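1. Here's my sequence, what's the structure:
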Amino acid sequence: MPQLNPSPWFAIFLTSWIIYLTILAPKMSNFKYQNEPKLQDINKESPKPWNWPWT
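-> Numbering: from 1, shown residues only. Below you'll find the predicted structure:
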């Protein structure tokens, strides 16, 4: 049964991962986000109590 012979499929698998790791991975790691995250302000206002009309 030819599908049990792993040599051609393993070579295709190995070359595709080598191509992925050498070409596509560095391009994806150099990607810059358009909206850079900003640091949040540490000093936040404390929440004000609600004014309930029935109290």
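2. how many neighbours does S29 have?
-> Each residue near S29 was counted by other Cβ atoms under 10 Å, and the total is 7. All C-beta atoms are positioned from the backbone trio N, CA, C, and that covers glycine.
3. ok, so what distance separates it from L39?
-> Taking Cβ to Cβ, to the nearest Å as the measure, S29 falls 23 Å from L39.
4. same deal with Y33?
-> Applying Cβ to Cβ, the value for Y33 to L39 is 15 Å.
5. just F10 next, same as before
-> In terms of Cβ to Cβ, F10 sits 48 Å off from L39.
6. Likewise for I18?
-> From I18 to L39 the distance is 39 Å (Cβ to Cβ).
7. Looking only at neighbour counts, state which of these two leads.
-> Between I18 and L39, counted using other Cβ under 10 Å, the more crowded position is I18 (10 against 5).
8. Tabulate the CA atom coordinates of the one helix or strand in the chain whose mean pLDDT sits lowest in CSV.
-> Each helix and strand of the chain was given a mean pLDDT (mean pLDDT, DSSP states H and E); the minimum falls on helix 25-29 at a mean of 81. As requested, the backbone C-alpha atoms of helix 25-29 are provided in CSV (Å, rounded to 0.1, in the frame of the first residue of the first chain):
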residue,chain,number,x,y,z
ALA,A,25,7.8,33.7,10.2
PRO,A,26,10.2,36.6,10.1
LYS,A,27,7.8,38.6,7.9
MET,A,28,5.0,38.1,10.5
SER,A,29,7.2,38.9,13.4
